[in-house]
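In: sequence-free structure coming up:
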């Protein structure tokens, strides 16, 4: 039997999934929009991975799973995951596996961004920006719509500019006002697009990367890493090459799959996808659950505890900040 491991990264904008073999090679991959429904997104990603594995060797069996991202606890309960980790850990593990000498990881997603500093293969410092969408994928998408351009074309158009416009992108509202002004006074479209790409890189370094020691080798990840215009301006501002992997947008899912591999096979489970010892994609599709919020009043924290039920059985709960709020 060839052992395989599943990793799913559930973000606010997109949900990513990979299946890796015993050697850490990706044998199936999926990238879909979350659309405000992480549970359904996880089902759709699972279905796509299952369809890709139909041509895989018959002895390939998924024996472990891990989840990361904003809805990792919820989807982890659905998958019967043995590993549930935050995005910083997942990205660091995945990246250092591919690039053992990496020193800095830049990541810009749909609604947030992060930086991870690495020393000798270990994450030593990090910062995240989850409060403002300026400079993220959703920001670029909205500006592309305003300009009547597909966001996938942004990078190529930006590279044709010889005079990028100076656009203030520290705040989405100010950026949009500045963009409208530049259009009204007749700036060339490629200069505006290049200005937006440069503003994303500059805004990231001045906010998320502020105070961080950014050292080469630098790896850039997340959906925005596919924008060659942003990559170009990162290289220009940092004065060093920026590495972008073909599967860089899947690195969170890849990292948590590697962590599931390190944890080893889940083994037989009483119920759920791992009932019988091997992962069953159909069990994920059949998963029906309800969530209930409970406010714990046993201390001054007044924690909001999320409980997940399958039928009437409590599967998991989280949100308590002390033992008195534990629900079992």
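Out: Perfect, thanks for sending it. Bear in mind that the values here come from a model prediction, so they are computed numbers and not experimental data.
In: now do the helices in this protein.
Out: In the chain, helices defined by DSSP state H lie at 38-52, 72-79, 87-98, 137-147, 154-158, 172-184, 189-207, 228-238, 251-263, 281-285, listed in chain order.
In: any weak-confidence spans in this structure?
Out: For the chain, the stretches flagged by pLDDT under 70 are 57-58, 130-135, 169-173, 311, 318, 328.
In: could you list the buried residues of stretch 137-146?
Out: Buried positions in stretch 137-146, judged by neighbour count with 16 or more other CB atoms under 10 Å: 137, 138, 139, 140, 141, 142, 143, 144. All C-beta atoms are positioned from the backbone trio N, CA, C, and that covers glycine.
In: and for stretch 260-269?
Out: Buried-residue list, stretch 260-269, by 16+ other CB under 10 Å: 260, 261, 265, 266.
In: in stretch 20-39, what's buried?
Out: Buried, per 16+ other CB under 10 Å, within stretch 20-39: 20, 21, 26, 27, 28, 29, 30, 31, 32, 34, 38, 39.
In: how close does the third one sit to residue 174?
Out: In other words, residue 26. 40 Å (CB to CB, to the nearest Å).
In: the fourth one too?
Out: Residue 27 sits 45 Å away from residue 174 when distances are taken as CB to CB.
In: same check on the fifth one?
Out: Applying CB to CB, the value for residue 28 to residue 174 is 42 Å.
In: the first one too?
Out: In this structure, residue 20 and residue 174 are separated by 43 Å, where distance is defined by CB to CB.
In: now do the second one
Out: Taking CB to CB as the measure, residue 21 and residue 174 are separated by 48 Å.
In: still on that earlier bit, nearest to residue 297, of the helices of the chain?
Out: Proximity to residue 297 (CB to CB) singles out helix 72-79 among the helices of the chain, at 22.2 Å.
In: what packs against the closest one?
Out: strand 2-10, helix 38-52, strand 60-69, strand 83-84, strand 304-310, strand 313-318 (3 or more CB pairs under 8 Å, 6 or more residues apart in numbering; DSSP states H and E).
In: let's see that with 7 Å instead.
Out: strand 2-10, helix 38-52, strand 60-69, strand 83-84, strand 313-318 (3 or more CB pairs under 7 Å, 6 or more residues apart in numbering; DSSP states H and E).
In: residues touching the residue lying closest to residue 226 once chain neighbours are set aside, list them.
Out: In space, and not counting its chain neighbours, residue 226 is closest to residue 249: 6.7 Å by CB to CB, 6 or more residues apart in numbering. With contact set as CB atoms under 7 Å, 6 or more residues apart in numbering, residue 249 has these partners: 16, 31, 221, 222, 223, 225, 226.
In: residues near residue 281, how many?
Out: By other CB atoms under 10 Å, the residues close to residue 281 number 17.
In: the nearest residue to it once chain neighbours are set aside and residue 129: what is the separation?
Out: Nearest residue to residue 281, sequence neighbours excluded (CB to CB, 6+ apart): residue 50, at 4.0 Å. Here residue 50 is placed at a distance of 35 Å from residue 129 (CB to CB).
In: for residue 62, what are its contacts?
Out: 4, 5, 6, 19, 278, 279.
In: contacts only, for the residue nearest to it when sequence neighbours are not counted.
Out: Excluding its sequence neighbours, the residue lying closest to residue 62 (CB to CB, 6+ apart) is residue 279, at 3.6 Å. Applying CB under 7 Å, 6+ apart to residue 279 gives the contacts 6, 62, 65, 273.
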